[in-house]
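quick one, structure for this:
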Amino acid sequence: MLIGDILRRQAGPTGRPQKAALLYEGDAVTYAALYGQANKLARALLAVGVRPGDRVALLGRNSPSWAAAYYASALCGAILVPLNYWYRAAEIAYVLRDSGARVCLLAADFAPVTATVRPAPATLPEELSHQVERWIWLDTRPSGTETAGDPTVAELTAQVSDASLEPAELSAPVGEDSPHIILYTSGTTGFPKGAVLSHRAHVEHAATFALYTRAVEEDVYLNVYPLFHTGGTDCALLPYHYVGATVALLPDPKPDAVLAAIERYRVTAMMAVPTVWRRLVEHPDLGRFDRSSFKRAMGSSDAMPMDLLEEVLARFGGTWLQTYGLTEAGCILTYLAPPDQRRKIGSAGKPHVQADLAIADSSRADEPDWPLRAEHRLPGGEVGEVVARTAHLMSGYWGRPEQSAEAIRNGWLRTGDLGRLDDEGYLYIASRLKDVVISGGEKIYPAEVEPGLRAYPGIQDLALVGVPDREWGESVLAAIVPAPGAQVDPDSFRAWARQRVAGYKTPRHVVLLNDLPRTATGKIQKNVLRDRFRTEFQDGNADERRSE
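Here you go, the predicted structure:
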């Protein structure tokens, strides 16, 4: 099965053609209508010269037009390159250049940020260079004479005479192992890399995700992730369309909008990072929104604190399901499902039936057959690098054979995460490999320490990172965001922390911030914190209490 087959079959007479595939701003888009839009756009792209394997970039907020373009690229055999809508001009140009995209579909809202990128490539400075030949507006054309020559999707599809539901004829074959999408990582460790995922990878993932999250045709799933992110397409569109369910989209998923959508659309399921769940359960007007339809709350990326889990279950009802994955894995590898949601709190669960998962000794990663042999694996309880093998891994990084070979070793993906398996085979993530703090030779895994320290009164958010220390090599810095109206005294916090964690794990430095830097999906960017405070604390003598 190809990506486009999921939508085509649901739109056909034996599928669910008149059922809502999408809900958006109060309107419903049926499966038949969504496939009709996607199919016409696919034919229009072929008419303007797009061929199977060509890269088509896509820039826009969550909308039915974005979803139609997503399926259209699959139907015409193009490789979709979703663009992060928080990127600035140079970052957009970087992804366009790195992917070699020839066409860019974009929403009118992004005319200002792309203004310096859209002139003819030959006229651009090196830092804004790219290969895009055609810019196409997703919906309306923005005002301004500089955009007059670029067509809209509606103008292009109006020229497509055949609007039938039959697939378009392609000039080259597209198979299950053909690339479908290039998802650029968030870039927390340097320039973003493009993870290439095939049709097979994402269809396999959709089926597995639907199975383990108990997705059914009657579901209304609320997507709060950006669609450019794997959590938006791979955990929302595909698995729920795979089972014939309905997906509700929000252009800007703020807490008010999320709660209103749950009530309006009778939402049954939603996945979000802990940060989003906390904002929802602490919303001052939560009680006035009807949440009686809600059945399944799901989490990803970070471990769920017990207090927050109890709040979500109490206020939203239903069940809780925790997941763990990453873009390169395409995307979810493990699930923690009821009844273990409380008994194994803090765990990422067990690998699904299509995945193998192991804890490997990364100090032996230079051996050619790593991590295949038993001696490359660590026993239960020991912390090591999480490696995984599954049918829905990425094919590699676009245009980076050396980094691809380093990331996928003998068929196993190096996740870059440190974790351990308990005696029942449940995975616990200790930290990112690059987030480990080594102080006086002792390893400190922030993800294991942070949940306990967040319990200090008056703390809204907290992150631990390592900063240079002349005596110990590194010491721990706690970046704290106080709750509104709360006062957090660094000395009192350190004294409190010392009673709860080993001395070498106790933060030496405490900084009070207005907020923590995050990626598009809410993950804390610890590399930004490290870079920000590395110089300030590099001599180990800086003021250990500061705020902004």
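
CA atoms for contacts and neighbours, from now on please.
Will do.

ok, and the closest non-adjacent residue to Lys19?
Thr30 (5.2 Å; C-alpha to C-alpha, 6 or more residues apart in numbering).

do I have it right that that neighbour meets Ala20?
Yes - in terms of C-alpha atoms under 8 Å, Thr30 counts as a neighbour of Ala20; the distance is 4.1 Å.

residue contacts, the nearest residue to Val153 once chain neighbours are set aside?
Of all residues not flanking Val153 in the chain, Leu138 sits nearest, at 5.4 Å (C-alpha to C-alpha, 6+ apart). By C-alpha atoms under 8 Å, 6 or more residues apart in numbering, the residues touching Leu138 are 65-66, 105-108, 152-154.

let's see 10 Å
Counting by C-alpha atoms under 10 Å, 6 or more residues apart in numbering, Leu138 touches 58-60, 65-66, 68-69, 104-108, 151-154.

low-confidence regions, the stretch 351-500 of the chain specifically.
For the stretch 351-500 of the chain, the stretches flagged by pLDDT under 70 are 440-443, 471.

could you pick out the longest helix of the chain?
helix 31-47 (DSSP state H).

what angle do the following helix or strand past it and helix 31-47 make?
Counting by DSSP states H and E, the next helix or strand C-terminal to helix 31-47 is strand 55-59. Going by axes from the mean of the first three to the mean of the last three C-alpha atoms, to 10 degrees, strand 55-59 is angled at 130 degrees with respect to helix 31-47.

what number of residues lie near the nearest residue to Ile345 once chain neighbours are set aside?
In space, and not counting its chain neighbours, Ile345 is closest to Met306: 6.6 Å by C-alpha to C-alpha, 6+ apart. Residues near Met306, counting by other C-alpha atoms under 10 Å, number 14.

does Met306 touch Pro451 like I think?
Yes - under the criterion of C-alpha atoms under 10 Å, Met306 makes contact with Pro451 at 9.1 Å.

elements contacting the helix or strand hosting Leu259?
Using DSSP H and E, Leu259 sits in helix 255-265. In terms of contacts (3 or more C-alpha pairs under 10 Å, 6 or more residues apart in numbering; DSSP states H and E), helix 255-265 is packed against strand 20-24, strand 220-223, strand 246-249, strand 269-272, helix 274-281.

what do you get if the cut-off is 8 Å, keeping everything else the same?
If contacts are counted by 3 or more C-alpha pairs under 8 Å, 6 or more residues apart in numbering; DSSP states H and E, helix 255-265 sits against strand 220-223, helix 274-281.

most tightly packed of the ones you listed?
Each of the helices and strands packed on helix 255-265 was scored by mean neighbour count; the highest is strand 220-223, a mean of 26, by mean count of other C-alpha atoms under 10 Å.

I'd like the next helix or strand past that strand.
Past strand 220-223, the next helix or strand by DSSP H and E is helix 230-232.

what about that next one, average pLDDT?
Average pLDDT, helix 230-232: 91.

following element in sequence after that helix, please.
helix 238-242.

and that next one, what other elements does it pack with?
Against helix 238-242 (3+ C-alpha pairs under 8 Å, 6+ apart) you get helix 3-11, helix 199-212, strand 246-249.

rerun that using 6 Å as the cut-off
helix 199-212 (3 or more C-alpha pairs under 6 Å, 6 or more residues apart in numbering; DSSP states H and E).

give me the contact list for the helix it packs on.
2-3, 176-177, 180, 238-239, 392 (C-alpha atoms under 6 Å, 6 or more residues apart in numbering).

which one of the residues you listed is nearest Val132?
The shortest approach to Val132 among the contacts of helix 199-212 belongs to His180, at 18.8 Å (C-alpha to C-alpha).

pretty sure the closest one is touching Val81, no?
No - between His180 and Val81 there is no contact, the gap being 9.2 Å when judged by C-alpha atoms under 6 Å.

list of residues touching the longest helix of the chain?
Helix 31-47 is touched from outside by 11, 17, 21, 68, 71-72, 75-76, 156-157, with contacts defined as C-alpha under 6 Å, 6+ apart.

quick one on the thing from earlier: for Ser65, see how far away the residue nearest to Val153 is.
With the distance defined as C-alpha to C-alpha, to the nearest Å, Leu138 ends up 6 Å from Ser65.

over to Arg102?
20 Å.

same check, this time on Gln322
30 Å.

the more surrounded of those two?
For Gln322 versus Ser65, the count of surrounding residues by other C-alpha under 10 Å is larger for Gln322: 28 against 18.

what is the end-to-end distance of stretch 305-324?
End-to-end for stretch 305-324, by C-alpha to C-alpha: 15 Å.

again but with stretch 376-389, I slipped
Per C-alpha to C-alpha, stretch 376-389 runs 15 Å from first to last residue.

ditto for stretch 339-358
24 Å.

ditto for stretch 348-355
Using C-alpha to C-alpha, first and last residues of stretch 348-355 are 14 Å apart.

check stretch 386-406 too.
14 Å.

and if you look at stretch 446-463?
8 Å.

mind listing what's buried in that stretch?
446-447, 449-451, 453-454, 458-463 (16 or more other C-alpha atoms under 10 Å).

would CSV of the contacts of helix 31-47 with distance to Asp340 be doable?
Formatted as CSV, those follow (distance: C-alpha to C-alpha, whole Å):
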residue, distance to Asp340
Ala11, 38
Pro17, 38
Ala21, 32
Ala68, 38
Tyr71, 36
Ala72, 40
Leu75, 41
Cys76, 43
Leu156, 52
Thr157, 50
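
adding secondary structure, pLDDT and neighbour count, write those out as a markdown table.
Output for the contacts of helix 31-47, formatted as a markdown table (DSSP: H, G, I helix; E, B strand; the rest coil; pLDDT from 0 to 100; neighbours: other C-alpha atoms under 10 Å):
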| residue | secondary structure | pLDDT | neighbour count |
| --- | --- | --- | --- |
| Ala11 | helix | 96 | 24 |
| Pro17 | coil | 97 | 21 |
| Ala21 | strand | 98 | 28 |
| Ala68 | helix | 98 | 22 |
| Tyr71 | helix | 97 | 27 |
| Ala72 | helix | 96 | 27 |
| Leu75 | helix | 95 | 29 |
| Cys76 | coil | 95 | 29 |
| Leu156 | helix | 94 | 17 |
| Thr157 | helix | 94 | 21 |
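
name the element Asp150 belongs to?
Going by DSSP H and E, Asp150 is not in any helix or strand.

which ones are touching it?
Applying C-alpha under 6 Å, 6+ apart, the residues near Asp150 are 135-136.

need phi/psi at it.
phi -100, psi 120 (degrees, to the nearest 10).

I'd like the distance between it and Ala111.
11 Å.

can you check Leu45 too?
From Leu45 to Ala111 the distance is 21 Å (C-alpha to C-alpha).

how about Leu418?
For Leu418, the distance to Ala111 - C-alpha to C-alpha - is 41 Å.

just Ala261 next, same as before
Applying C-alpha to C-alpha to Ala261 and Ala111 gives a distance of 28 Å.

out of these two, which sits in the busier spot?
Ala261 (24 against 19).

which residues does the closest residue to the more buried one other than its chain neighbours contact?
In space, and not counting its chain neighbours, Ala261 is closest to Val267: 7.3 Å by C-alpha to C-alpha, 6+ apart. Listed by C-alpha under 6 Å, 6+ apart, the contact partners of Val267 are 220-221, 293-294.
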